[in-house]
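>>> Could you work out the structure for the sequence below:
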Amino acid sequence: MRYLFRRAVELLATLLLASFLVFVVTEFSPGNVARKTLGAFALQEQVDLLYQRLHLNDPLLVRYGRWLGVLTGVIADPLQDPALKLDFKDPRGDRYFGNFGYSTLYKAPVNDVLWDRLGNTALLAGLAFAVIVPLSLVLGILAGMRAGSRLDRIVSTASIVMTSVPEFASGVILAAIFVVGLGWLPGTSPLDTESGWSIASQLVLPVTVLALYDAGYVARMVRSSMAEVMAKPYIRTAVLKGLNFRTVILRHALRNAMIAPFTVILLQVNWLIGGVVVTEMVFAYPGFGRMLLDASLFGDISLIEAATLIALLVAVTTQLLSDLGYRLLNPQVR
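Sure thing, here's the model as predicted:
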């Protein structure tokens, strides 16, 4: 419990520092904050009024404290002030925990956009993760058990090839085969049934692209760790004592071989949440990464700040789970 409390405090401090850096970057990016909030077509009178109401002449730390107060629900959102006539309305009110502001790109509260897109990416990431982990573990363990064998060479070569092919290339190749050539699957994944394709069929190609790209990388990590463990003296001793080979693998080799890949596997969660923008763009998938790219191109600072903080929260959470799992697997750390 002491360890968990200490790690939680460290992660909270990390999030606080990261939120400050995100705020600084968006505040000092080119352009007036009031202008970026209202959009390029707002009247100059509106921009000047918002500049005054947001007190953008205040010191940086004061502005950050005010932004943090709105985010935590301590301070009312100034953008919803009726006097500004911005028509920024949030059904949750102007003061609640997790108030990320108003998206100028989607003309809606950030929470109405963010969580819907994050849910779509979570669905895609969950399915891909469910394919990547078992596939890479099986291939990596089988290859590492017999390092240097024909199976090892086949798995290693296939893993390198899968990892070397970028997502946009594999997406186009798969679409050419299964969409254009065979007509078995839809070419886009908008997650609606108006086109006549089921949701499940729309997820096949994006999940396949992610699994092909990432499973090869994870399989190589697992194979390397397994091969290293199989060369240890205690494994040779167990074999020479006459233990069944399956017992040697399951009771002596596998747990030790999973120590290093465990962290690598959990790190894939971060990539699947925030790093699959290429796949989402190729298949027109309404996900988190595509939303962040659109917000960046449009200059929607509220949505950029919110998406970055959510990605940071996912990263620090997976880091905590990785540390806990590492302690459970490795008694030397305990």
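
>>> how far away is G275 from G196?
31 Å (Cβ to Cβ, to the nearest Å). C-betas here are computed from N, CA, C, even on glycine.

>>> the more surrounded of these two?
When neighbours are counted by other Cβ atoms under 10 Å, G275 and G196 differ, and G275 comes out ahead with 17 against 7.

>>> Can you give me the pLDDT of the residue nearest to the more buried one when sequence neighbours are not counted?
Nearest residue to G275, sequence neighbours excluded (Cβ to Cβ, 6 or more residues apart in numbering): G289, at 6.7 Å. Looking at G289, its pLDDT stands at 86.

>>> And stretch 277-287, how far out from the chain middle?
Mean-position distance between stretch 277-287 and its chain equals 14 Å (Cα atoms, centre = their mean, to the nearest Å).

>>> likewise stretch 109-117?
16 Å.

>>> isn't L79 right up against G101?
Yes: the pair L79 and G101 passes the contact test of Cβ atoms under 8 Å, sitting 6.4 Å apart.

>>> quick one on the thing from earlier: assess the claim that the residue nearest to G275 and F283 are in contact.
No: counting by Cβ under 8 Å, G289 sits too far from F283 to count as a contact (11.8 Å).

>>> Identify the residues contacting V276.
Counting by Cβ atoms under 8 Å, 6 or more residues apart in numbering, V276 makes contact with 121, 124-125, 167, 210, 287, 289.

>>> switch the cut-off to 6 Å
Residues in contact with V276, defined by Cβ atoms under 6 Å, 6 or more residues apart in numbering, are G289.

>>> ok, it to S189 distance?
Taking Cβ to Cβ, one finds V276 at 12 Å from S189.

>>> re the thing from before, of L79 and G101, give the one with the bigger neighbour count.
The residue with more neighbours, out of L79 and G101, is G101; 24 against 21, by other Cβ under 10 Å.

>>> Now do the same for that one: its pLDDT.
Reported pLDDT for G101: 83.

>>> in what helix or strand does the residue nearest to it when sequence neighbours are not counted lie?
Closest residue to G101 apart from its sequence neighbours, by Cβ to Cβ, 6+ apart: S302 at 3.6 Å. If you go by DSSP states H and E, S302 is part of helix 301-329.

>>> That helix: which residues count as buried?
301-312, 314-316, 318-320, 322-323, 325-326, 329 (16 or more other Cβ atoms under 10 Å).

>>> moving C-terminal of the worst-scoring helix or strand of the chain on mean pLDDT, what's the next helix or strand?
Scoring the helices and strands of the chain by mean pLDDT, DSSP states H and E places helix 33-38 at the bottom, with a mean of 70. Note on helix 33-38: by DSSP H and E, the next helix or strand toward the C-terminus is helix 44-53.

>>> Counting by contacts, list what that following helix packs against.
helix 33-38 (3 or more Cβ pairs under 6 Å, 6 or more residues apart in numbering; DSSP states H and E).

>>> helix or strand for the residue nearest to G275, which one?
helix 288-298.

>>> tell me the angle that helix makes with helix 301-329.
Angle of helix 288-298 versus helix 301-329, following axes from the mean of the first three to the mean of the last three Cα atoms, to 10 degrees, is 150 degrees.

>>> Now do the contacts for L309.
Here L309 is in contact with S19 (criterion: Cβ under 6 Å, 6+ apart).

>>> could you measure it against P59, distance?
22 Å.

>>> Any stretches of the stretch 1-150 of the chain with poor pLDDT?
Filtered on pLDDT under 70, the stretch 1-150 of the chain yields the residue ranges 30-32, 36, 38-43, 84.

>>> Retrieve the pLDDT associated with the residue nearest the centre of the chain.
Nearest to the geometric centre of the chain sits I273, at 2.1 Å (Cα atoms, centre = their mean). What the model reports as pLDDT for I273 is 82.

>>> Figure out the helix or strand that it lives in.
helix 259-274.

>>> to the chain's geometric centre, what's the distance from that helix?
10 Å.

>>> Not counting that helix itself, show me its contacts.
By Cβ under 6 Å, 6+ apart, helix 259-274 touches 121, 125, 128, 214, 221-222, 225, 289, 311, 314-315, 318, 321-322, 325, 329-330.

>>> For H252, give its distance to M230.
From H252 to M230 the distance is 10 Å (Cβ to Cβ).

>>> if I look at G140, how far off is M226?
Distance from G140 to M226, by Cβ to Cβ: 6 Å.

>>> again, but for F178
33 Å.

>>> tell me the angle of whichever strand or helix holds V204 relative to helix 259-274?
Element membership of V204, judged by DSSP H and E, is helix 199-230. Relative orientation of helix 199-230 and helix 259-274, computed by the same axes, to 10 degrees: 160 degrees.
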